[in-house]
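Visitor: the following comprises the amino acid sequence and a computationally predicted model.
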Amino acid sequence: LQKVKNDLEMLLSTIQSKNKQLEEDLKREQQWHEEQEQILDALNGIEEEMKNQVFMKKAFQELKNKMLKLTAYKEELLNALGEFLEHFPLPEKGGSAKKKKNSSEEPTVELITLNEILEILINKLMSTPHEPYVTINDSFWPPYIELLLRYGIALRHPEDPNRMRLEAFHM
């Protein structure tokens, strides 16, 4: 009986030591598993970032291509507008008109070209779209103003006839 008891105690201690070793192995395996999950999460995050970067690069490249096309189209339009405006003469040969006053010594006003009038109107419309009106002064040649108004390129201010703006064709 004593021998059986000793054998069982020995078996118990062996099993307990194996149990302890298995518990330690289990803890190590769990820790390893957690580390592997963290690594997997980190790799998944990096993969997402890489996908986003690839997407962003593609989107950036598409925008860059569109900008190049728009720049080329803008240049083409500006060249066509320049060629068109070449057909309009300067307001007068001297480029100035005398003010209609009694005195002949009155200073002359330098008239601006149709191209310059359009440039002023375009810049005003683009810089301050909420207030696109330009005050018409003596340097604007009246036939050019009439041309712009008659063909719907420019509009007069509803309350002040001395102001006009470019028709907002881009809207």
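Guide: Sure, I can see it.
Visitor: which SS state does the residue nearest the centre of the chain fall under?
Guide: Geometric centre of the chain, nearest residue: Leu63, 9.0 Å, by CA atoms, centre = their mean. What DSSP: H, G, I helix; E, B strand; the rest coil gives for Leu63 is helix.
Visitor: swap in Val109?
Guide: Per three-state DSSP, Val109 ends up strand.
Visitor: that one: neighbour count?
Guide: Look at Val109: counted by other CB atoms under 10 Å, it has 15 neighbours. (Each C-beta comes from the backbone N, C-alpha and C, glycine too.)
Visitor: do the same with Tyr144
Guide: Tyr144: 20 neighbours (other CB under 10 Å).
Visitor: roughly how far does it sit from Asn162?
Guide: Separation of Tyr144 from Asn162 (CB to CB, to the nearest Å): 15 Å.
Visitor: can you check Lys74 too?
Guide: Counting by CB to CB - Lys74 and Asn162 are separated by 32 Å.
Visitor: do the same with Lys57
Guide: Relative to Asn162, and taking CB to CB, Lys57 is found at 53 Å.
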